[in-house]
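Chemist: Sequence below, structure please.
(one chain, ligands or ions: 2)
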Amino acid sequence: MKQSFYGGVHPNDRKEATRHKAVTPLGAAPQQVVIAMSMHIGAPCKSVVAKGDHVTVGQKIGEIAGLGAPIHASVSGTVTAVEPRPYPGGNKVMSVVIENDFQDTFGSDLTPHPDYSKLTADEIVEIIKEAGVTGMGGAGFPTHVKISSGIGKVDTLILNGAECEPYITADHRLMLEQGERVIGGARILMQAFGLQSATIGVEANKPDAIEHLQALVGARADVHVESLRTRYPQGAEKQLIQRLTGREVPPGGLPAHVGCAVFNVGTAAAVYDAVVEGKPVTHRIVTVTGDAVKEPCNLLVPLGTSFQHLIDEAKGFAEEPDRVLTGGPMMGIAQHTLEVGIIKGTNAVLCLTRKEAAPIETEEVCLRCARCVNVCPMHLTPVYMHLYAGKGMWKEAEALNVMDCIECGSCNYICPGRLHLVQSFRMTKMELRQLAAKEKAAKEAAKA
Ligand code: SF4
Ligand code: SF4
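Modeler: Ligands and ions are numbered 1, 2, ... in the order given. Got it, this is the predicted structure:
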């Protein structure tokens, strides 16, 4: 039975600036790209090119070194450095710097399969792996791993077109302008899982996309397009599953535990490109927006293009931004430099004015109003988790299931005390992971 999820908030969607703007290629190609060797959950890739090498668009430049997905060149040109560079997720990561020769010479090892109907599940998984497809909604989980670990367990395939974060319209424009890639990707994923149908969930604030996708599916009726109530975080994996199937993913569990697999619509489009066109992931759609830029836009961007270049494409700053985020205002990460390059999960560069940005204030006293508890879609108690985090009582916070926090920011949004709740939960989770690693190491040492 379909069920609405608990909690959530209704932020102003602020999508008006770009919802009607078609995706365009860059007006000026970047002089250089800085391609991070870590664009996914798991171990960073190992660079397989060196300074002085010539590379083509689609050539593999980073090879898997554990859980991960390979990384490919997004422009043709010469590698000028392989060194640590700033990264949108924070800190520096090993990166391949390519000087663009502006020839756009394509050279991938993948073979196109316009008729994929004879491909086996293993063959599809291998193509998706070699194409470097990862979750394009931001999470960055390697798609080939999600498919191979779900085959035989998954009976329900869901595509996530909710795009519930305010401001962002990258998925909306993708569904509207390139819906064939999304539907095609859904059908390839159905084939890999051995399923006869799939459901695409789209928030009701994108009626044109819903109508367009339904028209593309047509009489075949194998892909259902479902309109979802506009409520944040409708696009969070567990909330989407509950809304579409009525199944609840248990605390600490994965969608596959309740027979579901969820892929972002951008991921489905990348699957289509890989299998049908023989193209690895080299570009993605990015929404560049916020009142601090002169001309908000949706752009098709080569991976590794700097945030500064994208802001220049949006005709620069209308005023000095209060902050620049990768992603939306609820879950986005503030950037300390605009020299970072976009990665596979970068769906937006959001430039907020002082007026738009929630002020970063000195932490205030909790009013014990319980609003954070009422909006938490994971049924957590943010007020108490925060209290324990403030005292360094990590295990007590763990007992309150802080590890289940999806960092959606709903509690932060509603909190009248303007407490830095999500920030403290991120820190608590990091501390708990470090504690778990230490405990594991101590156990192994004791055994030896
Ligand atoms: S505690 Fe976590 S999951 Fe709950 S509202 Fe806050 S950020 Fe979202
Ligand atoms: S919403 Fe903020 S002020 Fe209210 S109980 Fe939660 S943490 Fe305290």
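Chemist: tally of neighbours for the closest residue to Pro112 other than its chain neighbours?
Modeler: Excluding the flanking residues, the one nearest Pro112 by CB to CB, 6 or more residues apart in numbering is Gly278, at 3.6 Å. C-beta: built from backbone N, CA, C; applies to glycine. Other residues near Gly278 come to 19 when the count uses other CB atoms under 10 Å.
Chemist: centroid residue for the chain?
Modeler: Taking CA atoms, centre = their mean as the criterion, Gly138 is the residue nearest the geometric centre of the chain, at 1.1 Å.
Chemist: Point out the residues in the chain that sit beside ligand 2.
Modeler: Contact residues, the chain versus ligand 2 (CB under 6 Å from any ligand atom): 366-372, 382-383, 386, 414-417, 419.
Chemist: Let me see the contact set for the residue nearest to Pro112.
Modeler: Listed by CB atoms under 8 Å, 6 or more residues apart in numbering, the contact partners of Gly278 are Ser108, Leu110, Thr111, Pro112, His113.
Chemist: Distance-wise, check it relative to Ser4.
Modeler: As judged by CB to CB, to the nearest Å, Gly278 and Ser4 stand 41 Å apart.
Chemist: for Asp322, same thing?
Modeler: To Ser4, Asp322 is 34 Å away according to CB to CB.
Chemist: Tell me, please, where in the chain the pLDDT is lower than the cut-off.
Modeler: Along the chain, segments meeting pLDDT under 70 span 1-3, 358-363.
Chemist: Enumerate the residues of it near ligand 1.
Modeler: Close to ligand 1, as judged by CB under 6 Å from any ligand atom, the chain has residues 375-376, 378, 380, 382, 405-411, 421-422, 425.
Chemist: Which stretches in the stretch 201-350 of the chain count as strands?
Modeler: Secondary structure of the stretch 201-350 of the chain (DSSP state E, counting those that start in this stretch): strands at 223-228, 260-264, 283-289, 297-302, 323-326, 333-334, 348-352.
Chemist: higher neighbour count, Asp322 and Ser4?
Modeler: More neighbours surround Asp322 than the other of Asp322 and Ser4, with 19 against 12 (other CB under 10 Å).
Chemist: Quick check: the residue of the stretch 1-150 of the chain nearest ligand 1.
Modeler: Of all residues in the stretch 1-150 of the chain, Gly7 sits closest to ligand 1, at 6.8 Å by CB to the nearest ligand atom.
Chemist: check contacts around the closest residue to that residue other than its chain neighbours.
Modeler: Using CB to CB, 6+ apart and skipping the chain neighbours, the partner closest in space to Gly7 is Pro377 (4.2 Å). By CB under 8 Å, 6+ apart, the residues touching Pro377 are Phe5, Tyr6, Gly7, Gly8, Pro233, Ala236, Lys238, Gln239, Ile406, Cys408, Ser410.
Chemist: 6 Å - rerun?
Modeler: Contacts of Pro377 were listed using CB atoms under 6 Å, 6 or more residues apart in numbering, and they are Phe5, Tyr6, Gly7, Gly8, Gln239.
Chemist: residues near the third one, how many?
Modeler: Put plainly, it is Gly7. For Gly7, the neighbour count with other CB under 10 Å is 21.
Chemist: all strands for the stretch 1-150 of the chain, in order.
Modeler: Using DSSP E, counting those that start in this stretch, strands in the stretch 1-150 of the chain cover 23-25, 32-36, 46-47, 54-55, 60-63, 71-72, 77-86, 92-100.
Chemist: Can I get those in a markdown table including mean neighbour count?
Modeler: Listed next are the strands of the stretch 1-150 of the chain as a markdown table, based on neighbours: other CB atoms under 10 Å:
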| stretch | mean neighbour count |
| --- | --- |
| strand 23-25 | 14 |
| strand 32-36 | 25 |
| strand 46-47 | 17 |
| strand 54-55 | 18 |
| strand 60-63 | 20 |
| strand 71-72 | 30 |
| strand 77-86 | 18 |
| strand 92-100 | 20 |
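Chemist: Quick one: these as TSV, columns for distance to Asp222 too.
Modeler: Listed next are the strands of the stretch 1-150 of the chain as TSV, based on distance: least, CB to CB, whole Å:
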stretch	distance to Asp222
strand 23-25	26
strand 32-36	37
strand 46-47	40
strand 54-55	39
strand 60-63	33
strand 71-72	31
strand 77-86	42
strand 92-100	40
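Chemist: Lys315 is nearest to which of those?
Modeler: strand 23-25 (12.9 Å; CB to CB).
Chemist: about what we covered before: residues contacting the residue of the stretch 1-150 of the chain closest to ligand 1?
Modeler: Residues in contact with Gly7 (CB under 6 Å, 6+ apart) are Val375, Cys376, Pro377.
Chemist: Ok, Pro44 next?
Modeler: Taking CB under 6 Å, 6+ apart, we find Pro44 in contact with Met37, Ser38.
Chemist: Also Ala256?
Modeler: By CB under 6 Å, 6+ apart, Ala256 lies in contact with Gly150, Lys153, Val154.
Chemist: Likewise for Asp122?
Modeler: Not one residue lies near Asp122 by CB under 6 Å, 6+ apart.
Chemist: So whichever residue of the stretch 251-400 of the chain sits closest to ligand 1 versus Val383, what's the distance?
Modeler: Per CB to the nearest ligand atom, Cys376 is where the stretch 251-400 of the chain lies closest to ligand 1, at 3.3 Å. Distance from Cys376 to Val383, counting by CB to CB: 10 Å.
Chemist: re the thing from before, buried ones from the residues of the chain next to ligand 1, can you make that a ChimeraX selection?
Modeler: Burial among the residues of the chain next to ligand 1 is assessed by 16 or more other CB atoms under 10 Å; the matching ChimeraX selection reads:
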select :375,376,378,380,382,405,406,407,408,409,410,411,421,422,425
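Chemist: Among the residues of the chain next to ligand 1, which one lies nearest to Ile35?
Modeler: The closest of the residues of the chain next to ligand 1 to Ile35 turns out to be Glu407 (CB to CB; 26.0 Å).
Chemist: For stretch 113-126, buried residues please.
Modeler: Using 16+ other CB under 10 Å as the test for burial, stretch 113-126 gives His113, Tyr116, Leu119, Ile124, Val125.
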